[in-house]
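A.B. asks: okay, predicted coordinates and the sequence, questions at the end:
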Amino acid sequence: ATEPARIEYNRQLQLLTRDQSFNQLPTKPTQNRWLFTHKPFWGFVAVDDPHSGRRMTTANATLQAAWKGIPNSAVELIFSGHIHTFELLTFADLRPPQIVVGTGGTQLDSESLPEIEGKEIFGTKTTLGRARNEFGFFTLERLKTGEWKAIQHDLNGAHQINCTVNKGSIHCN
């Protein structure tokens, strides 16, 4: 069923990126083109392998394949959930950064991911990769400069990952 799903996801993305109102969105510096989805387009998950034990793999090949043909400039940032961990990824080929916020409400994925920066993922490499596998929450705060302060917090509100988001680029301390 992955091929019919890939075709449907790609059709939806094509409709979105051809929509005149969507394509005219960033007419002001204060406007952003962000896509919110349940399942992430790009991400990593730890899986059990009967031969090698626990290993890291990429998430959702169907959505990754559906992105083919979509201009990277169509969307500045993708927010998703589904994976029960926090991941923040940027890519060498300048596809939109992916932020996965899955750290609240249910059981977390069983293990932290190993280093995810510089890893191969669907034809490119990650240039920035941050992950946290603990309960918490994520906030975005609009700054006077037009940038966004993006913070992954632990349950007590302490900052775990601090980043600045600006028009499709993310920088973290």
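C.D. replies: That came through, no problem. Residues are numbered from 1 along each chain as shown.
A.B. asks: pull the distance from the helix or strand that contains residue 8 to the chain's centre.
C.D. replies: Mapping residue 8 onto the secondary structure by DSSP states H and E places it in helix 2-18. Between the mean C-alpha location of helix 2-18 and the chain-wide mean there is a distance of 18 Å, by C-alpha atoms, centre = their mean, to the nearest Å.
A.B. asks: quick one: buried residues of it?
C.D. replies: Of the residues in helix 2-18, those buried by neighbour count under the rule 16 or more other C-beta atoms under 10 Å are 6, 9-10, 13, 17. All C-beta spots, glycine's among them, are computed from the backbone N, C-alpha and C.
A.B. asks: try stretch 160-167
C.D. replies: 161, 163, 165-166.
A.B. asks: relative to residue 140, which of those is nearest.
C.D. replies: Comparing the buried residues of stretch 160-167 against residue 140 with C-beta to C-beta picks out residue 165 as the nearest, at 7.5 Å.
A.B. asks: dihedrals phi and psi, the closest one?
C.D. replies: Note on residue 165: its backbone torsions stand at phi -110, psi 130 [degrees, to the nearest 10].
A.B. asks: ok so, going back, turn the buried residues of stretch 160-167 into JSON lines, including distance to residue 49.
C.D. replies: Putting the buried residues of stretch 160-167 into JSON lines (distance: C-beta to C-beta, whole Å) gives the following:
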{"residue": "161", "distance to residue 49": "28"}
{"residue": "163", "distance to residue 49": "32"}
{"residue": "165", "distance to residue 49": "35"}
{"residue": "166", "distance to residue 49": "39"}
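A.B. asks: returning to what we had before: for the helix holding residue 8, packing partners?
C.D. replies: With contacts defined as 3 or more C-beta pairs under 8 Å, 6 or more residues apart in numbering; DSSP states H and E, the secondary structure elements packing on helix 2-18 are helix 61-66.
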